[in-house]
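**Student:** Dropping a prediction and its sequence here:
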Amino acid sequence: MSKAADTSKAKSKKFRVAVEGATTDGREITREWITQMAANYSATKYGARVNLEHIRGILPDSQFKAYGDVLELEAQELSGEFSGKLGLFATIAPLPDLVAMTNAGQKIYTSIEVDPNFAKTGEAYMVGLAVTDSPASLGTEILAFAAQNPAASPFAHKKQSPQNLFTAAVETVIEMEAAAAPGAVAKLFSTVQELLAGGAKKTASDEARFADIGQAVNLLATHTQEQATQFAATIDKQNKEIADLKAQGEKDRKEVADLTAKLSKQDANPASRPPATGGGSANLAEF
């Protein structure tokens, strides 16, 4: 299997992109090439991008911009109608526009660009992945024309190098992997998966496998306990806040009741003045 790129990106499930057989110029993509492409591919060495119809636009807002990156390749024996043949499967990091097209049922066929002598190594390498709506665009009639008239091939100007070839389009389904959990939780589950994967290796002893599984279980138990502790602390804090609010509410209600009682004892008609009795002790001045 090829070396994967940054797995923190959203990525697709593995899907078939090529089958050994016909290409667009009469040559055949061989089992050996598929094996080499799967083994040699490295997104950090030379990353293949996803495009429309093998056309590479130069503007970022063009319809022929890049639609994602190929993360890794894998070769698998096929069954059913392709029984006995070797298939090439890819995992990609699709950009939102490609996800939208896929969800809308558009561009459901794929074709790869193969360099049979990549960097003069003598081995094949996948340098591009195209999505297309019509298998006829890379189908039998146009394949025959391209094979008989290589100079006039409609694919010639799309190739990165003259010796490169495009495979016949195959129908595929691009499905997304479930989104990874964020932050520390993602790291935890990644660690657990690594431990379980390591424990499943047939070369490891039973004791080592059980140790790895035990460590994974302990990590999950610790994480669960931490989550329970944090949840309990959150509940305690919320309960205290609720109690404080209730106490403040009771205090406010008492103050309102006291104020109401005080106001009820005052004169209900403050505009009227008490009658004058003339009993004052003030002396009038004589002039």
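**Tutor:** Looks like it arrived, so ask away. For clarity, every value in this text was computed on a predicted model and none was experimentally measured.
**Student:** thought residue 10 was touching residue 94?
**Tutor:** Yes: between residue 10 and residue 94 there is a contact under CB atoms under 8 Å: 7.3 Å. (C-beta placed from N, C-alpha, C; glycine too.)
**Student:** Compare neighbour counts for these two and give me the winner.
**Tutor:** Legend: neighbour count by other CB atoms under 10 Å for residue 10 and residue 94, higher for residue 94 (21 against 15).
**Student:** Relative to residue 100, how far out is that one?
**Tutor:** Using CB to CB, to the nearest Å, one gets 10 Å for the distance from residue 94 to residue 100.
**Student:** Which phi and psi values does residue 71 adopt?
**Tutor:** phi -90, psi -40 (degrees, to the nearest 10).
**Student:** In this structure residue 97 contacts residue 67, no?
**Tutor:** Yes: between residue 97 and residue 67 there is a contact at 5.8 Å, judged by CB under 8 Å.
**Student:** Which of the two has more residues huddled nearby?
**Tutor:** Between residue 97 and residue 67, residue 67 has the larger neighbour count (other CB under 10 Å), namely 22 against 14.
**Student:** quick one: the residue lying closest to that one once chain neighbours are set aside and residue 114, what's the gap?
**Tutor:** Leaving out its chain neighbours, the residue that sits closest to residue 67 by CB to CB, 6 or more residues apart in numbering is residue 98, at 4.0 Å. Per CB to CB, residue 98 is found 21 Å from residue 114.
**Student:** which one of these two has more residues nearby?
**Tutor:** Shown here are residue 98 and residue 114; by other CB under 10 Å, residue 114 has more neighbours (26 against 22).
**Student:** Just the pLDDT for that one.
**Tutor:** Here the pLDDT value assigned to residue 114 is 90.
**Student:** Next, it: secondary structure please.
**Tutor:** strand (DSSP: H, G, I helix; E, B strand; the rest coil).
**Student:** Start the count at 53 instead of 1 going forward.
**Tutor:** All set: I'll call the first residue 53, so the last point we hit is now residue 166.
**Student:** partners of it in the sheet?
**Tutor:** Beta-bridge pairing for residue 166 (DSSP bridges): residue 178, residue 217.
**Student:** Same check on residue 107?
**Tutor:** On the basis of DSSP bridges, residue 107 is bridged to residue 104.
**Student:** Can you mark which positions in the strand or helix carrying residue 68 are buried?
**Tutor:** Taking DSSP states H and E as the definition, residue 68 sits inside strand 67-71. Within strand 67-71, the residues that count as buried by 16 or more other CB atoms under 10 Å are 68, 69, 70, 71.
**Student:** Now render these as JSON lines, adding distance to residue 277 and pLDDT.
**Tutor:** Listed next are these as JSON lines, based on distance: CB to CB, whole Å; pLDDT from 0 to 100:
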{"residue": "68", "distance to residue 277": "44", "pLDDT": "87"}
{"residue": "69", "distance to residue 277": "45", "pLDDT": "87"}
{"residue": "70", "distance to residue 277": "48", "pLDDT": "87"}
{"residue": "71", "distance to residue 277": "50", "pLDDT": "87"}
